[in-house]
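> structure, please.
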Amino acid sequence: MNSTVAYCSTEDAVANTTAGYQSRGLLGDTFWHGVRANLTVWKVYDVQPRSSSGAYISVVNTEGEGIEVIGAGYHVNPRLYNDTKVHFFTYWESTHGNTTGCYNELCEGYKESKVADLYPGGRFGAPLSIYDGKQRTLTIMIKKDEQSGDWSLYREDHDRLVLLGWWPKKLFKYLSEKAETIQWVGFVSHDSNERSPSMGSGHPPTELEGKAAWFSDCFGLDESGEVYEDNYDPVKYYIDRPDCYNVSEWYVSDEQEARRHFFYGGPGGCSLPK
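Modelled structure (predicted):
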């Protein structure tokens with residue numbers, strides 16, 4: 001199992017596949033202090049008992065001998081919830097020294113805000129995104145608090161900014177200062193005895209808006225906590241099964257510079273990685 005994607009996978013899954021983008025900033029010179037995106041939320045119908053499928057944004061630091069990750073998004077994960085519903089999730093991990101971290105609030109770490117209106121592990125009710133129809137979206141942001149050094153999680157899709165919670169600075173050795181990489185990623189994981197599930201809408205990114213799953217308004221926050229306006233130099237992230245899943249090009253709208261977006265996903269049906 002690839003350690004760089006294990007944090008959004010079933011713990012002992014054999015195969016982990018992702019499709020999305022990551023950025024280290026212009027020529028790698030930008031240290032990220034946050035990531036944001038608007039993403040479509042889909043019901044995935046073919047997730048087997050030991051598999052999972054979803055999408056997330058994350059901040060990552062790989063300095064030293066380990067990896068430190070903070071992520072949030074949605075997934076279907078029967079092993080975690082004993083159902084096949086769509087759940088909001090948070091995650092953190094630090095592998096420096098003894099590996100620590102967990103989904104949601106299954107261990108000490110994530111602190112829930114008193115004004116939160118979306119909770120780790122909470123279900124997304126109907127309606128969800130409809131193929132060739134109305135799209136259900138979620139806008140979230142992970143941002144380093146420049147005063148406390150904690151990493152905060154916000155929701156932005158109700159025409160207001162709501163603090164959902166935060167990860168204290170003390171959980172991390174290197175993320176306490178900065179993130180090296182930010183990511184916008186769709187993912188699946190599955191057991192060796194199971195057929196891989198669909199990713200996103202279950203349709204390829206070539207079908208584009210309304211049919212393929214997407215991330216929109218993708219941007220990072222710089223050292224001052226402001227939206228980074230320069231070239232993100234994004235690179236495609238771990239598309240190791242293009243026969244099942246893929247990602248479109250990274251689009252930047254001419255009319256609205258901030259609308260950096262891409263499409264991703266696929267129908268699944270893969271066995272183990274080739």
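> direction included, what does the strand or helix carrying Ala19 pair up with?
Here Ala19 is covered by strand 15-23, with elements defined by DSSP states H and E. Take DSSP bridges as the rule and strand 15-23 pairs in its sheet with strand 181-190 (antiparallel), strand 235-237 (antiparallel).
> pLDDT below threshold where in this structure?
The model of the chain has pLDDT under 70 over residues 1-15, 25-30, 97-98, 230-233, 237-240, 254-258, 271-274.
> any idea how far Ala37 is from the residue nearest the centre of it?
In the chain, the residue lying closest to the centroid (C-alpha atoms, centre = their mean) is Tyr56, at 1.3 Å. Distance, Tyr56 to Ala37, by C-beta to C-beta, to the nearest Å: 9 Å. In this view, the C-beta of every residue, glycine as well, is placed from N, C-alpha and C.
> all strands of the stretch 1-150 of the chain, in order?
Per DSSP state E, counting those that start in this stretch, the stretch 1-150 of the chain carries strands over the ranges 15-23, 34-40, 52-61, 68-76, 87-94, 100-103, 111-112, 137-144.
> so what's the residue count around the nearest residue to Tyr91 once chain neighbours are set aside?
Spatially, and ignoring its direct neighbours in sequence, Tyr91 is nearest to Gly71 (4.5 Å; C-beta to C-beta, 6 or more residues apart in numbering). When counting by other C-beta atoms under 10 Å, one arrives at 22 neighbours for Gly71.
> go on, Leu163?
Using other C-beta under 10 Å: Leu163 sits among 15 other residues.
> residue contacts, it?
Applying C-beta atoms under 8 Å, 6 or more residues apart in numbering, one finds that Leu163 lies in contact with 113, 115-116, 152-154.
> mind running it again at 10 Å?
112-116, 143, 152-155 (C-beta atoms under 10 Å, 6 or more residues apart in numbering).
> neighbour-wise, which of those leads?
Counting neighbours by other C-beta under 10 Å, the top entry in those is Leu153, with 26 neighbours.
> hey, what's it bridged with?
Ile142, Gly165.
> OK, contacts around Ala213?
Contacts of Ala213 by C-beta under 10 Å, 6+ apart are 19, 39-42, 44, 55, 129, 135, 186, 198-203, 205, 207, 262-266.
> can you report how many residues lie near the closest residue to it other than its chain neighbours?
Using C-beta to C-beta, 6+ apart and skipping the chain neighbours, the partner closest in space to Ala213 is Gly200 (2.7 Å). Neighbours of Gly200 under the rule other C-beta under 10 Å: 31.
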